[in-house]
Structure formats: structure tokens, C-alpha cells
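Student: A structural model of the following input is requested.
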Amino acid sequence: PVSVMPPTTIHSILQMAELAECLSHYLTTRDVACAMATCKLWATQLQPFLWIDFCPGPTMPGKRTLNQNLHHIRAIEVILNAKHASRSIESQSFGDLLRALAQGLPTSPTTHSDAVAVDHAFWQSAQPKIDLCTNLRRIKLVLGPSDTTLDKSSWPPLRTLLRYNINLTHLSMDMEGNYDFQLAPLVQLLPALSRLHHLTLRAPPQKGSWFLSLLRACLPLPRLQELYCYFTIDCGARYSEGNPPDEPLMTLEAALATILQEAIVARNSRTGHIDTKIKAIRFPDLKEGDGVSIVLPILSSELVAIETLEIPNLYNDRGEDFYLRIVREHCPGLKHLIIPHYGYFSYSSMALFTIKGAAGLKTVRSDGFSDAYGWSSREIVRTLATYHSSTLEELELLNCKMLSSADQQAVLASCRQLKRFWVVPHGISQGERGLKFQHILEGEWGCLGLKALSVSMNRAIDVKSTVMAIQQESPPSNGRKASEEGEQEGSASHELGQAVDQEQERRACAWAAKRVYAQIGRLVALETLALETDQVWYGKEEDVLVTEWDLTLSRGWLAEVAGLKNLRHLQMRTDYWSRMGQAEVEFMDAEWPLLGDISFDMEKQRLLELVEQPHWKWLRQKRPDLRLSALQLNLPERGTLEQNLHHIRTLDFARPFEVNLPEFLRTLFHGLPMPSATRTSETVADRECKQAEEGTVVLCRNLRRLNAVVYLPMDPHDNCWTLFEPLIRHNNNLTHLHVEFNVDTPPPVKQAFTALHCLHHLTVKGYVFEESWFLSLLQACLLLPRLSEVYCQFAIEAGDYTFEGDSDDEAEVDEVANPQGELKTILEKAIMARTSTNSGFIDFKIKTLRFPGAREGDIINIMLPVWTSELVEIETLEVPELVYYRPDAFYEEMARKCCSGVRHLIIPPYYAEDHPTAVCCFVRGATGLRTVRGSGFTDAYGSTSSKMIPTLVAHHFRTLEELELVDCKMIRSPDQQAILASCKNLKRFWVVPEDVHWSQLGLRFLDIVDREWVCLGLRELSITLRRASGVQLTTVTLRHELSVSTLQKLSEECEYEDQEPDERPDPEQMRRVASWLAKRVYTQIGQLMVLETLALAAENALAAEWDLTLCKGWLAELSGLKNLRSLQLRTDYWSRMGQAEVEFMDAKWPFIGGISFNLGKSELQDLLKLPHWQWLQQKRPHMRLTRLSL
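Tutor: Numbering: from 1, shown residues only. Prediction:
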């Protein structure tokens, strides 16, 4: 049954000011109809909801009713002569419908000048156009095969609708029939749709000149971002001698270049740069000729910044290098790839080249996919897993005709960022198209963050190897049972050389199935699971093992997926339900608390019979919100949430799709007024909100922290920002606000941020925004009196400013820092607003300010005026991404003037490698750094001035407290030792190399013992030790590396005798020297009395495994670490540990609470089964022995 929203709930929603239009997308027609039947008042108030999305069917509304509601219509979808669609209308009704929609709109004259005059008179008319259909946002026409009865007089009303709906954002026209005579007039109307965001056009095969006319009309549109062309054109390059081309190729190329240039000029005319670029494009199919001549100019144009691309069918006649260069040079931002249905072999090659050339694909989708095997290097999916294992998040392949099981396993095992794996084969009956059990057993899946999984499994296994694995996993027990198992094992071993019988095959398949479902059960973040398995029968009918047993508790493996605590959707495409009973549904109720729906692959009549069975009835009574066959997320009970809105302090929407976001937000701002177009109505709404709060209505107005993720379509009536804005505007006690705009054009935020007088921390995250929007953001947030932390995690297209000081003379910052007029006005107003009337100065200054990156131009003309303003007193600085290079003197003077008070410095990932001079200048310009953090750090050793670590030690050794460098690529051992031996106030030294085996990243024993560490107050230490080998311990090396005093200690403590350089080293003496050095190193660590966290790694793991032992190692030297709470072992120190070592830890480290090992999950489980580690866990029940998370 279909759930109906109660009329009382609808009535409470309607009490919110101006909410009707905003929530029209989230109320179903059935909800509205039931509410309208309640009373006449509701029938009047809810009338617009029925007309927002107008999709006429066979039964047309009355003409009078339609005329009265034309102004309510926002979206129209008309399907003509389509037999497969239930809402299809006949040809005779098509013209009547269009004429009714265009009622009251003037008919366009034949001449252009007369049409302009009529349009001007219409829009300047004093009469309000409230009864006309001029508010459309979306139009979708699906025209089936052409019919002779279709009246040509039906098309002028359609052109009239397009002409007078200038706010149209989405236009989709599907003309499968012979409607060529209407294409040209419709294309001529496109230039007037200045707000068009999405254009889709399906048409019969066309000439190249018509495609150029389409580009000439749509490319200059300022907001067009998505262009999809589903038709075929003839490029005119290849013709037979008998059919010369009507349109020579050179003519098309020249015309295309002219069109692109004109479009660039048109889009640059207003702001001086292209505000919105085309992000998604689908090129037409190329019947003949060289498609590169059309595709390449468009991809290389300034109009295009491709993020979503459907592969065109280019001819593979230029070689792989040519196409790889196209993708790498002209599609650097490609994130989403669509592979068409394989109609041509060329798609296979182009898909492979695109995957190899793309920098970091996130999404790959295809319908009718078929991977090409048998040719060299044509395995598309395996290439995808190889090149994009670190970035791939979604793989959706529908109706697969050929896909290797091993390639599917490669994606699941290597793509750790994978969130969606949705593979649906064309026919599951053919076993080669499923994911084989044997391949799943070969390795664990690395995509533990997977949220949606659709897999078709194949029970194919290697029976012999599986039987051997069963025997190795199950050793015989004592007594009679052991002898019986021994006989069975001997029998099985004898049969391995012969044909394996049916019983062994059944047992092997059952053993493999259990581990397959256990693999699925480890995906703890999984929300949607779709299962399909081939039907396999073993044995007789009474002893059968088929798929229908899999998801049972008695003989199946339902218990293996008990860990799916986040499961919300379960789709069973194979008959798993036949054997389910009361035990299985009770398991679902107990183990899957968030399960919202279960769908079955069966007919509707069979489903009605299934849900009447007692156990399914019990589940529906226990879970009233559970839906069988419907896909819909669960929400908290409305009554419970509404009663506790005033208790909520923190809201985090970082994962907005885990709940029905609009429905949830509608409950959160229950009682809050929506923003109005006029200031007067806003004031009235705020007053009413305050009065409601003083009464009995419970409002969500006590938030302190909000993390909002806004997905904003171009349609202003279908966006999350309209729902988030009331929460932000009416929660004026917010202290922390994080807003992420996953859009290209973010909405204005000034109105929402103005009232946040208590805001302390603001983070705005997004993609590439305009410079004007960033200035408006500064204008809104700089006025907030208590704002002290601003993080702008996006890029802007700044103006193209050039620096004239290319000489080596010292540059003057003041000459570059002249603020623009708008920015200067913003800063002056902010200073006046934040200056206290009592003290006469600014009470709260901005301490942390992260500037956005500059994708184009130079951001320094905005950065310097803000830095030098009275509003800013920078303490935490992330080194800005400066595009243009300048002399060192400029950066040093800028750092001294603007960043002298910086205490905490953050180096962006890999920025020190590309801009070492700028980083060193900021380090030298600061007066007393306390914290330095970086990721992917690489110190430059080409010149002394470019070394960041020596510069840091020279200028800040008295104040440095924390150094954190993660995923280091290069940092010398003497530089690390200089930090530890010079910085007395150091509290945290955390250096983690990208590769522990790289020789330039380890801290050498010779460097450690030569100088004593002075940072005795160190609390956290992470180092990679570089052990001394016999080759390094020659007399010449020791004389060169060690000081005189250290050599004297070496001679006194280990009986070291100096040898001549040409004398052969004594192996025994070298071994004693190596042991003396290792002991001194661990003694040095043991002197850090207040150390709480210790992370150890060594380059040579085999030599290090003795280090932390008592018999032959130096664990006793660490007995002074009385405050140690966490120990991380990134190298195999644990192999030689035993009972004596764990007893030492229990006795000497009283506060130790956790030990982490760099092991896999199964290896850690084997390690913890050892007696001494079990003894430690029993002695310290609170101690956690876990895997290391690097």
C-alpha cells in the first residue's frame, strides 16, 4: 500500500511563510489530493501544487481549469505517440494542448523587426502576466514516430512558448520521427534563452551545416553547462567518387572556428572573462569523415572545461599517442566518463585511450557495456583499476554483455575510494558474466567504504585447491573424532589425484560461499545491496544446495552479513526468499536497524501473495516503516523529532544522501519563516517567528555548529540552499559554520550571514567561483564582530594581473598592494562596523584566514589589502598558492609586513616542491613560529636558501613546539637531527615518510649519537630509524661523521681501536660499534621522560626485529618512559617479542593504553592468538591492540 501524508501534517507545513512553492517538489499528487478533499480552504491553498509539474496523459484537463492555472506551471513533459509510455497523448490532442498553453501570448510576426517590437510591448505592458504560461523552467518533449495526422499548425504555439519563457533552464526535445521541417525554427529561438543550463536534442541524421547552426545558437548562451546531442552528422571527409560532398571539410572547419571565436567574444563581453563554462558534452555520432576536426576544436576552446564526457566514435587512425595527448591537454579536469553502447569497435579503443589519459576519474558509467578481450591491451575495466585505483568512486555498468570476473575483482580489491559498484549483466544464466567465487577468494576487497553494491555471483571454484584449503584450515582434534577426520583426510588426499566426486564439490562450494558472504559482511558502510546468483544444483532433491538456501540461518550464510549495520536497501534479484522464515526476518529486524525496504524480483501478484505469509506479516507489523518492493529511505519519527528541536546544538550534513534531505529539513525548520523577496515581509516574518518562539511552538533556533552541503540545481525552486537558509538566518547564536557548495555558481550568502553575530569559525568549500562572488563573501563575513577564523577552500578566477618587477632589484609591496575600489570600500565599512564604540578599537580580529587558490590570474591584489588591514592579525597561515613568480625580496618583505605575527604555518600538499623559495621566505619573515605542518613535503637541496628545515632551525629554534610532516618525499637525516638537538620547546615531532625504504628519509644512528637531544619535554615522537651497517662503520666514516668527544666515548665504552684507512676492518669490532650506536639511540629516546606517543619505524625491518627485546635488544633502555600511553610499531619489532617483553611493558609503562601494529586484519588476529599477547590483554583489559592506521 502507498503511504499518505496525514492532512494535519500538510496543514502545519502550509503555516510556514512562503513555503508552498519551495516544497512543491516533495509532496506527491496523492498527498495533495487527499488534503484538498478535507475542506474548501485547503482545496484553494493546495491548488498550485497540482500544476507545478504538468505531465498530461490520455485524459486531458478541462480548458477552463487549464487557463486558470497556467501561471502555476513550472515544468512540462509531453509524450506523443509513444506506445511504451502510459502518459502518452494522441496526435490530435497535441496541437490542442500547445494552443491552450500559449493562450494569451502574442503570435510572433513574420519579420524580425516586427517580432522585436511585439516582444518589447508585451514585456513592458502594465498588465501583470499572472494568468499566462510564462513561468516555465523545464520543457521536455518526447515525439514518437511522425504521423500524417499531426497538424503543422501545432508548432507555432510551441515556438511561442519558448519565445516568452526566457527563464527556461532545462530544454529536452526528442524528435525520433521526420520532424526536420521544425528543427531550424526551434534552433533560431535558442539565443533568447539566456538562463538555459541544460540542452538535450535527439533528432534524425543531419548535415554538418545544421550542427554548426545549432552550435552558433547555443554556445553564446552565458549559463549553458550541459550539451547533449543525440543524432548523427556527416563530417564530409570521406566520400565515394560518385557522391561528391555537398559540404567540403575545410568549409566546416573554418565555420566552426568562426563560431567558437564569436561565442568566446559574446561570453566575455560582460565581465571580461567566461563566467560559466561547458562542463558536460555529448558529441553527435559521426557517420563519415574525420571527427577529430570537429571534436578537437571544441575541446580546446576556452568555452569548455570538460568534467563529464561521453566518448565520441572517432576513427582510430592516428595512433594511441595522439589521442592520449588530446585527453591530457584538453580534458585535464575530466572526472566523469560515459562509455556508449558498443555499436562500433572504435568505442573500445577510445575508451581505453581516455582512461589512460585522464588524470583522476571518479565515475565511469555505461549501458550495454562489453569489454573487448582477445586483442592486446583492450581490457577496459582492468585498465581502469590500474590507472585510477586511488580516485575511482563509482562504477556503473548496466546490461553487460562481456565482463571478466577477474577484472571485477581487481576493481573491488584495488579501488579503496570506491563508493558504488553497480554491475548488472545482460543475462545471468551465462556463468561467464558473473563474479566467480574463486576470484573473490583470491584477495580481500579494499573498498571498505562501499555504500552501494550490485553483484552477480558465479559459484565457479577450483575444487581441488578449495579442498586442500579446507584441509589446511581444519586440523584434526583429539579422540575418536580425530581418527575419523584423519580417515576422511586420507581419503580426500587419495581422491585428489582422481576425479573429485559430487559430495566433495558440494562441500567445497559451501565452504567458498561462506567466505564470499563474509567478504560482503565486512562492508560495514554498505547502504544498498543487490544480489544475484546463478542457480546450481548438487545432489538429489532432498539434499540440494541451491541459491535459495544462501540467505538463511539454518543451512545458509545470512549470519555472515550481520555486520551490515548501515544497510537500508536490499534487492534480491534471485530467489533467496523461498527458504526464508521467521528466524530470517527476526535476524533482519535485530541486525539491520536501518533497513528501510526490501525489493523482490517477481511479478506484482506473486509479491502480494508473498507479503501475506506469516513471517513477512510479522516483519511489517514490527517495522511499520518497512517497504516491500518500494525504494525509499527511512526518517526519524516526525513527532519525536519535532518535540526535541530546541535541544539540537550540532547538525552535520556532510553525508546528505543518507536521509531524505528535503523531508528532514522540512521538519527542522518547522515554524521558521522562509526568506522573502522584500525586506518588509522579512521583518514581519521574523517578528512572527519571535512571537511563536515565546509561545508554545518548539523551534530549531539553538544551533551552535552547522555543517551544510548544498547541491544546488539551476532551477531556483529545486535547491537545498533555500532549505538551509532559514536554519542559518534564524540561528544567530551559531559559532561554527561549514558550508560546502557542490555547484558552479553558488547563491548569494549575504542575507543568511548578516545576523550571525556570534560566529567564530567559517569554512566555505567549493570548486571554482567568480572573483565577484568572493568579494561578496568577504563583504558579508568581515562585518561579523566575533569572526576570527575564515577558511576559503575553493579557487577563484582572479583578474589577469602582471608583475612588472622582473629585475633583481628589491620590489616594493606597496606598489602591488593598491586595493581595488570595491575591496577598499568593503574593508572600510568592515572596520567601521567592528570598531567598538566603548574602546575605540577592534575587539576581535581575524586570526586565521585561508585565501582561495587562483585558477586564473593573480590573487595577490586581493590578498595584500586584506592582510594589511586593521581587521586582520594573522596567527595561523596556510601558504597561499601564488600563480606568478616574483623575486625573493618581494616575498620576504610581504612576510615581514603582513605575516610577522604568524605562529602556525601550514604548507599545502607538495607546495614546497614547486615553490621552495616562497615557503622559505614566509619562514624567514615570521618572528616566532610554534607550529609547522605539511603533507607531501619535499625539502629542496639545490641551494642553501631553499632548504626549509635549516631555515626553520636557524630562525625559530627557540619557539618551535610542533613539526608535523606527513608523506614526506625527501628530508635529510642531519636536518631532522638539527630539529631535535636545537629546539628545546619542541612538544611534537611527527615525520612520516611516504616510503619507509627510501634512504633519504631515515634518521641515521650516526647523526643521533653525535648530538644530544635537547627537547626533553617532547610528548609525541614519530621517527624512521636508519640503522648503521658494517659498510658504514669504517674508520674513515666514523672519523668524518662523529665528533672528537663522541669518538672518545666510543673508544672508552666498547673498546674501539682506531685503524688505518687502508687496514682491513675488524668484523667483530664493527659489530660492537653497531650495537653501541643502537644502544645509544634507544637510550636517547628513553630520556624523554614525558613522552606519551611513540611511533617507530626502521628502514631495515629484518635487522630491527631484535631491537625491542630484552635478551638481544634494547627494550630496557626505554624503561624511563613512565608516561607512555600509545606505541605504534610501523616495522616488524614484534616478531621476537615474548612473555618477558610484555611483562616489561606491564611493569614499566603503567599508562600504556594501546599498541598498534602495521599488519593486515588476518595477520593481526593470528598475532593476538599468541599466549604472551593474550596474557597482556587479560592483565590490562582496557588495552587496545589494533591495526596501524597510517
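Student: pretty sure residue 768 sits against residue 774.
Tutor: No. Contact between residue 768 and residue 774 fails when scored by CB atoms under 8 Å: they sit 10.8 Å apart. Every residue, glycine included, has its C-beta placed from N, CA and C.
Student: anything in contact with each of those two?
Tutor: Both residue 768 and residue 774 are contacted by residue 796, under the criterion CB atoms under 8 Å, 6 or more residues apart in numbering.
Student: the more surrounded of those two?
Tutor: residue 774 (22 against 16; other CB atoms under 10 Å).
Student: which residues touch that one?
Tutor: Residue 774 neighbours (CB under 8 Å, 6+ apart): 792, 796, 852, 862.
Student: and the helices in the stretch 651-800 of the chain, which stretches?
Tutor: Assigned by DSSP state H, counting those that start in this stretch, the stretch 651-800 of the chain shows helices spanning 661-668, 679-694, 721-730, 750-753, 771-781.
Student: compare these and say which comes out lowest on pLDDT.
Tutor: Least confidently modelled of the helices of the stretch 651-800 of the chain is helix 679-694, at a mean of 45 by mean pLDDT.
Student: so where does the residue lying closest to residue 925 once chain neighbours are set aside fall, helix or strand?
Tutor: Closest residue to residue 925 apart from its sequence neighbours, by CB to CB, 6 or more residues apart in numbering: residue 895 at 2.2 Å. If you go by DSSP states H and E, residue 895 is part of helix 888-898.
Student: state the mean pLDDT of the helix or strand that that helix is followed by.
Tutor: For helix 888-898, the following helix or strand on the C-terminal side (DSSP H and E) is strand 904-907. For strand 904-907, the mean pLDDT works out to 88.
Student: for strand 904-907, name the packing helices and strands.
Tutor: strand 872-878, helix 916-925, strand 931-935 (3 or more CB pairs under 8 Å, 6 or more residues apart in numbering; DSSP states H and E).
Student: so which of the ones you listed has the densest surroundings on average?
Tutor: Highest mean neighbour count among these (mean count of other CB atoms under 10 Å): helix 916-925, with a mean of 23.
Student: what are the C-alpha coordinates of that helix, in PDB please?
Tutor: In PDB, the C-alpha atoms belonging to helix 916-925 read as follows (Å, rounded to 0.1, in the frame of the first residue of the first chain):
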ATOM      1  CA  PRO A 916      60.500  26.300  -2.200                       C
ATOM      2  CA  THR A 917      61.600  29.900  -2.300                       C
ATOM      3  CA  ALA A 918      58.200  31.200  -1.300                       C
ATOM      4  CA  VAL A 919      57.900  28.800   1.700                       C
ATOM      5  CA  CYS A 920      61.400  29.700   2.900                       C
ATOM      6  CA  CYS A 921      60.500  33.400   2.600                       C
ATOM      7  CA  PHE A 922      57.500  33.000   4.800                       C
ATOM      8  CA  VAL A 923      59.500  31.000   7.300                       C
ATOM      9  CA  ARG A 924      62.200  33.800   7.500                       C
ATOM     10  CA  GLY A 925      59.500  36.500   7.600                       C
END
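Student: what angle separates it from strand 931-935?
Tutor: 170 degrees (axes from the mean of the first three to the mean of the last three CA atoms, to 10 degrees).
Student: and the helix holding residue 895, what does it pack against?
Tutor: helix 813-816, helix 860-867, helix 916-925.
Student: and residue 558, what does it touch?
Tutor: Residue 558 sits next to 517, 550-552, 584, 587 when contact means CB under 8 Å, 6+ apart.
Student: from those residues, pick the one nearest residue 1119.
Tutor: Closest approach between these and residue 1119, by CB to CB: residue 517, at 48.1 Å.
Student: figure out which of the helices and strands packed on helix 888-898 is closest to residue 779.
Tutor: Each of the helices and strands packed on helix 888-898 has some distance to residue 779 by CB to CB; the shortest is helix 860-867, at 11.9 Å.
Student: so the residue nearest to residue 442 when sequence neighbours are not counted is in which element?
Tutor: Leaving out its chain neighbours, the residue that sits closest to residue 442 by CB to CB, 6+ apart is residue 409, at 6.7 Å. If you go by DSSP H and E, residue 409 is part of helix 405-414.
Student: is it true that residue 847 touches residue 871?
Tutor: No. Using CB under 8 Å, residue 847 is not in contact with residue 871, being 10.8 Å away.
Student: those two: who's more crowded?
Tutor: residue 871 (22 against 18).
Student: give the contact list for the more buried one.
Tutor: Residue 871 sits next to 782, 827, 830-831, 834, 842, 845-846 when contact means CB under 8 Å, 6+ apart.
Student: and the pLDDT for it?
Tutor: The model's pLDDT for residue 871 equals 84.
Student: same question for the one 3 residues further on.
Tutor: pLDDT for residue 874: 86.
Student: ok, residue 94 next?
Tutor: Value for residue 94, per-residue pLDDT: 72.
Student: for it, the count of nearby residues, please.
Tutor: If you count neighbours by other CB under 10 Å, residue 94 ends up with 25.
Student: how about it, phi and psi?
Tutor: Backbone torsions of residue 94, given as degrees, to the nearest 10, read phi -60, psi -50.
Student: quickly note the distance from it to residue 158.
Tutor: 9 Å (CB to CB, to the nearest Å).
Student: repeat that for residue 608.
Tutor: Per CB to CB, residue 608 is found 43 Å from residue 158.
Student: of those two, which one has the most company?
Tutor: residue 158 (24 against 12).
Student: please tell me I have it right and the more buried one contacts residue 95.
Tutor: No. The criterion here is CB under 8 Å, and residue 158 misses it with residue 95 at 9.5 Å.
Student: what's the pLDDT at residue 590?
Tutor: 93.
Student: tell me the first helix or strand C-terminal of the host helix or strand of it.
Tutor: Element membership of residue 590, judged by DSSP H and E, is helix 582-591. Downstream of helix 582-591, the next assigned helix or strand under DSSP H and E is strand 597-600.
Student: residues making contact with whatever helix or strand comes next after that following strand?
Tutor: Next in sequence after strand 597-600, counting helices and strands by DSSP H and E, comes helix 604-610. Outside helix 604-610, the residues that touch it by CB under 8 Å, 6+ apart are 577, 600, 602, 616, 628-629.
Student: with distance to residue 1021 added, can I get those residues in JSON lines?
Tutor: Output for the contacts of helix 604-610, formatted as JSON lines (distance: CB to CB, whole Å):
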{"residue": "577", "distance to residue 1021": "57"}
{"residue": "600", "distance to residue 1021": "57"}
{"residue": "602", "distance to residue 1021": "62"}
{"residue": "616", "distance to residue 1021": "59"}
{"residue": "628", "distance to residue 1021": "57"}
{"residue": "629", "distance to residue 1021": "58"}
